[in-house]
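1. after the sequence you'll find the predicted model.
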Amino acid sequence: MMRCKDVQDEMMERALGIGAAKQAVPNGLRQHLKDCEPCRQEAAEMRSLMQALDEWAAPEPNPYFMTRFAARLAEERATVPQGWLERLWISLHARFTYGMRWRLQPVTATALSVLVLVGGGVYLSRVETVRPTEPAVITVTPAVIHDLQSLDSNTTALDTLESLSGGHD
């Protein structure tokens, strides 16, 4: 039994004329379209869409378009800006809008890389680093010794309490 997703993919391939479109319709597809109403509607819509696309003809372009475009372009080129600042602004605007001969991405990436490197160097030269003069010695007391020391201090505390109480038994 075919799934709806598989059937839709198969219908799309057949509509576009690729893959299995050159083969006969398999029985599984035929059976699924008999049993599944949504897939049957999808197939009918796809057939009507393909018929409409086959009948559609692209409109003819206007024969005077290029002539009008060239005339308009010549008019724009003929208008000269008044001042040097306006000419500069129009030139820069056109260059950025319509593209340049060279791209700014490599220049920008190089400039940002140099900026990061210089900034990092300045930061590292300003930061005071603390270096220890002597290595720190860490003494680790084993757990058994720690327990014996605790018991010894408890015994000392009990002896002190006993002597304070006067030795009453």
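-> Received the coordinates, thanks. Values in this document were obtained by computation on a predicted structure and should not be read as measured data.

2. pLDDT weak spots in the protein?
-> Scanning the chain for pLDDT under 70 picks out the ranges 1, 17-25, 80-81, 99-105, 129-138, 140-141, 167-169.

3. repeat that with 50
-> For the chain, no stretch has pLDDT under 50.

4. quick one, helices of it?
-> 4-16, 27-35, 37-55, 65-78, 84-98, 105-126, 143-164 (DSSP state H).

5. any chance of those helices in TSV, plus mean neighbour count?
-> For the C-beta atoms, the positions are set from N, CA and C on the backbone; glycine is no exception. Formatted as TSV, these follow (neighbours: other C-beta atoms under 10 Å):
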stretch	mean neighbour count
helix 4-16	15
helix 27-35	14
helix 37-55	12
helix 65-78	9
helix 84-98	10
helix 105-126	10
helix 143-164	10
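
6. quick one: residues contacting Leu33.
-> By C-beta atoms under 8 Å, 6 or more residues apart in numbering, the contact set of Leu33 is 7, 39-40, 43.

7. phi first, then psi, for Glu60.
-> phi -70, psi 140 (degrees, to the nearest 10).

8. residues near it, how many?
-> 6 (other C-beta atoms under 10 Å).

9. that one and Gln31, how far apart?
-> 46 Å (C-beta to C-beta, to the nearest Å).

10. ok, of the contacts of Leu33, which one's closest to Gly166?
-> Val7 (101.8 Å; C-beta to C-beta).

11. quick check, that closest one in contact with Gln41.
-> No: using C-beta atoms under 8 Å, Val7 makes no contact with Gln41, being 11.9 Å away.
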